[in-house]
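Participant: Give me coordinates for this.
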Amino acid sequence: SSGINAEYGDIKGDITLQELLDIFENDHKLEISMLSQGVCMLYAFFMPADKRKERCGMKISELVELVTKKKLPAHKRALVLEICCNDTEGEDVDTPYINYQLP
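Facilitator: As a prediction, this is how the structure comes out:
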């Protein structure tokens with residue numbers, strides 16, 4: 001089943017960007033302000049609203065392929081996602097990377 005552990009280190013199963021944002025907001029009271037994979041920016045709060053909306057509906061794997069303009073290799077089992085988060089007060093929170101396990 002999709003989900004995130006208490007350390008929010010591992011996410012299993014390919015979920016949409018919106019689902020990822022919701023997990024952090026609901027379970028950890030954190031707002032993801034930026035999400036990147038390697039040198040590629042997948043999501044940022046300052047992106048135009050239409051671009052954010054489009055990306056929110058995409059699975060993380062599709063988003064990575066869109067941004068890198070490369071298909072994920074079939075043998076690829078996990079992605080390392082870097083995140084920047086704010087708490088409910090709007091303060092930056094130091095967060096570990098996400099080990100995103102592909103199905």
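
Participant: quick one: Ile83 and Thr95 touch, right?
Facilitator: Yes - counting by Cβ atoms under 8 Å, Ile83 touches Thr95, with 5.3 Å between them. To be clear about C-beta, it is placed using only N, CA and C from the backbone, and glycine gets the same treatment.

Participant: and these two? which has more neighbours close in?
Facilitator: Legend: neighbour count by other Cβ atoms under 10 Å for Ile83 and Thr95, higher for Ile83 (20 against 17).

Participant: Could I get the buried residue list for the lengthiest strand in the chain?
Facilitator: Longest strand in the chain by number of residues, with DSSP state E as the criterion: strand 78-86. Neighbour-count burial for strand 78-86 flags 79, 81, 83-85 (criterion: 16 or more other Cβ atoms under 10 Å).

Participant: cool, and stretch 39-59?
Facilitator: Neighbour counts over stretch 39-59 (16+ other Cβ under 10 Å) mark 42-43, 52, 55-56, 58-59 as buried.

Participant: from those, which ones fall inside helices?
Facilitator: If you go by DSSP state H, those have 52, 55-56 in helices.

Participant: who's sitting farthest from the centroid in the chain?
Facilitator: Residue farthest from the centre of the chain, counting by Cα atoms, centre = their mean, is Glu89 at 21.0 Å.

Participant: Tell me how far that residue lies from Leu35.
Facilitator: 21 Å (Cβ to Cβ, to the nearest Å).

Participant: what do you get for Lys71?
Facilitator: Distance of Lys71 to Leu35, computed by Cβ to Cβ: 20 Å.

Participant: what number of residues lie near Lys61?
Facilitator: One correction, residue 61 is Ser, not Lys. 17.

Participant: okay, whichever helix or strand Met34 is part of in CSV with CA atoms only?
Facilitator: Following DSSP states H and E, one finds Met34 within strand 31-37. Output of strand 31-37 as CSV, limited to C-alpha atoms (Å, rounded to 0.1, in the frame of the first residue of the first chain):
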residue,chain,number,x,y,z
GLU,A,31,4.1,22.3,3.3
ILE,A,32,6.5,21.1,0.6
SER,A,33,7.7,24.3,-1.0
MET,A,34,10.2,22.7,-3.4
LEU,A,35,10.8,19.2,-4.7
SER,A,36,13.7,18.1,-6.8
GLN,A,37,15.3,15.0,-8.1
